[in-house]
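Trainee: this is a predicted model, with the sequence first.
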Amino acid sequence: MSGIYIHIPFCKQACSYCDFYFLTRDKLRQPFVEALLSEINSYGDTKFSKEIVRTIYLGGGTPSLLNNKQLESIFGALHSVFDIDAEEITMELNPDDVTRDYLSMIQDLGVNRASMGVQSFDKKLLEFMHRAHNPEEAFSALEALQKTGFPTFTADLIYGNPGQSVETLEQDIDKLLSFDPPHISAYSLTVEPKTRLGKQVELGRIDPPDDDRVSEQFDVVRTQLAAAGIEQYEVSNFSKPGKEAVHNSNYWKHENYIGFGPSAHSFWWDESGANRWQNEANLKKYLNEAPEDYREEEETLSKNTLAEERLMLGLRTKWGVSEIDLKQSYGYSFTDSQWQWIEDQVEKGFMVTENSTLKMTSDGLKISDHLIVELLS
Ligand code: SF4
């Protein structure tokens, strides 16, 4: 079983905090789709096309900038090359692109999970983040999801913005909850050096988000969502029971996936070993060169590296990591000093061990990155 990720590298404008790979030149969309079809076809009749595909994720960038014909050709190519029996097909959508007709169209193509980039309903915050949509568009996109009876959806929310108050955040959450979302991804705004926000912080024009305030806002998110039956299952992800994202959860469990488009990663683990590779984040190369020329060198991962990754990713989730799985799949066991450290964390209330599974408590999840570094160092 495997997954497919497709990176659509176009956006209407650059959000101030974003460091994903994208361009704003709309004339290149059609040439990109053609190059993408070639890349998909290059996997025909290989070992990668033999495993059944259970999840597909269209991310970016902004996949909702593609039209019906373009999406139809992409899904057509996927179906002709891969054996697809997908339980989840997610597509990221920006509110300003969404109409009921667009939603019906993507549903007809098989998309059964919409990922709506809401971020906030606050006009000033949306402008500060340089988002292309306004609050009215966020509302009408969510209404359209309800009216079309879209099978399931998730919405993104950002907290910890400079200038964002707890009250604005609470209002954002309330407004989002009024649409009864099955799943929410809530991210604290991070300041990346090469972004517009990063430059403003560097020039001293904006103060970076203060750690205590971010932590307070994280508590607000967690408490308010839990009260609505939407529980945290990963550091940034919250869902109603059974509505957890399958595609992303599979990354954390080292399931195989192939990534298409510039900057996309792939991971494949079979009897010949575990490998990861990436397409260069360079649309010009993607359009003009053959897949083997824009694919960066493959990295072969040792079992120990995989085990550490499994711990890093698994300990950020409510499922934690099973000691038995670590041993059976990766040949990895904790050392005596790691066990001692784990016992200390259990005493401090940051971790629990249940049926040989190690998990973070909700206090532990708040500082999970720090704890994981300590466990592995
Ligand atoms: S729409 Fe998404 S991918 Fe595009 S710039 Fe904004 S955050 Fe980045």
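Mentor: That came in fine, so what should we check first? Numbering: from 1, shown residues only.
Trainee: all contacts plus neighbour counts: C-alpha atoms, from now on.
Mentor: OK.
Trainee: tell me the pLDDT of the residue nearest in space to the middle of the chain.
Mentor: Centroid check for the chain by CA atoms, centre = their mean gives N248 as the closest residue, at 6.3 Å. Among the per-residue scores, N248 holds a pLDDT of 95.
Trainee: so how many other residues sit close to M129?
Mentor: 21 (other CA atoms under 10 Å).
Trainee: isn't it right up against Q13?
Mentor: No - with contact defined as CA atoms under 8 Å, M129 does not count as touching Q13 (10.9 Å).
Trainee: and the next helix or strand past the lengthiest helix in the chain?
Mentor: Secondary structure of the chain per DSSP state H: the longest helix is helix 211-227. Toward the C-terminus, helix 211-227 is succeeded by strand 231-234 as the next helix or strand (DSSP states H and E).
Trainee: now what about that next one, what contacts it?
Mentor: 222, 225-226, 238-241, 244, 316-319 (CA atoms under 8 Å, 6 or more residues apart in numbering).
Trainee: could I get the residues you listed as CSV with secondary structure and pLDDT?
Mentor: Below are these laid out as CSV (DSSP: H, G, I helix; E, B strand; the rest coil; pLDDT from 0 to 100):
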residue, secondary structure, pLDDT
R222, helix, 96
L225, helix, 98
A226, helix, 97
F238, strand, 98
S239, strand, 98
K240, coil, 98
P241, coil, 97
E244, coil, 98
R316, coil, 96
T317, strand, 96
K318, coil, 94
W319, coil, 95
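Trainee: can you report phi and psi for the closest residue to the ligand within the chain?
Mentor: Nearest residue of the chain to the ligand: G61, at 3.7 Å (CA to the nearest ligand atom). For G61, the backbone dihedrals (degrees, to the nearest 10) come out as phi 60, psi -170.
Trainee: need the pLDDT of it.
Mentor: At G61, pLDDT is 95.
Trainee: ok, H133 next?
Mentor: 96.
Trainee: and the residue lying closest to F153 once chain neighbours are set aside, what helix or strand is that in?
Mentor: Residue nearest to F153 in three dimensions, not counting chain neighbours: A114, with 4.6 Å by CA to CA, 6 or more residues apart in numbering. Following DSSP H and E, the helix or strand that holds A114 is strand 113-119.
Trainee: what pLDDT, on average, does that strand get?
Mentor: The pLDDT scores in strand 113-119 average 98.
Trainee: how about the next helix or strand after that strand: buried residues?
Mentor: Once strand 113-119 ends, the next helix or strand along the chain (criterion: DSSP H and E) is helix 123-128. For helix 123-128, the neighbour count (16 or more other CA atoms under 10 Å) marks 125-126, 128 as buried.
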